[in-house]
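S.K.: generate coordinates for the sequence data below:
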Amino acid sequence: MEIILDILKTDAVLIIIFCGLILLFLLYLINIIKLSKLNKNYKCFMNKIGNGNNIQETIENYIKKIEEVQKENNDLRNYCKQLDSTLATSIQKIGLIRYNAFKDTGSDLSFTLALLNEKNTGVVLNGIYSREMSNIYAKPVEEGISTYTLSEEEKQAIKKAIEL
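M.R.: Have a look, this model is predicted:
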């Protein structure tokens, strides 16, 4: 062990260590210079690809625009879902039957009109015309069925509306 310590205490070892440090420092400087050139070449390359614009900034702008479009798409999807739910409750199916309620009237002046939504729920209107008067009756319809007694014309109008 003493032999190793004696060798380390000599001037030659110190000179070798000093030369090694200088060599490492020179390598460090060379790496800094090469890295600087590489950065400069990278920036020049990116500007050439981007037609004079910095491509990184261009890509970041495109990413922002894509995120905005995705947000707008989500907003539109939500709006469409809301419209679908609203549309399900609106009148979508119409069935109209014209008929002659009384033999003494000249033509098919009476009518039955079924107005139903997507779930076949709504109302059936029956307009009866005679020479002396005209009456309109309304009956609720739930899923294609009414709790009230339906005439044959009302059943036909509901069936016609459901088949549309």
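S.K.: and Thr121, how many neighbours?
M.R.: Neighbour count of Thr121, defined by other CB atoms under 10 Å: 15. For glycine as for every other residue, the C-beta is placed from the backbone atoms N, C-alpha and C.
S.K.: please disregard the earlier target; I meant Tyr137.
M.R.: 13.
S.K.: okay, and Leu14 sits in which element?
M.R.: Using DSSP states H and E, Leu14 sits in helix 11-49.
S.K.: before we move on, what about Asp6?
M.R.: helix 2-8.
S.K.: average pLDDT across that helix?
M.R.: The average pLDDT within helix 2-8 is 73.
S.K.: which residues touch that helix?
M.R.: For helix 2-8, contacts defined as CB atoms under 8 Å, 6 or more residues apart in numbering pick out Val13.
S.K.: pull out the buried positions in it.
M.R.: Buried residues in helix 2-8, defined by neighbour count with 16 or more other CB atoms under 10 Å: none.
S.K.: pull the CA atoms of that helix into PDB?
M.R.: Output of helix 2-8 as PDB, limited to C-alpha atoms (Å, rounded to 0.1, in the frame of the first residue of the first chain):
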ATOM      1  CA  GLU A   2       2.900   2.300   0.800                       C
ATOM      2  CA  ILE A   3       4.300   1.800  -2.700                       C
ATOM      3  CA  ILE A   4       1.100   3.100  -4.300                       C
ATOM      4  CA  LEU A   5       1.100   6.100  -2.000                       C
ATOM      5  CA  ASP A   6       4.800   6.800  -2.900                       C
ATOM      6  CA  ILE A   7       3.900   6.700  -6.600                       C
ATOM      7  CA  LEU A   8       1.000   9.000  -6.200                       C
END
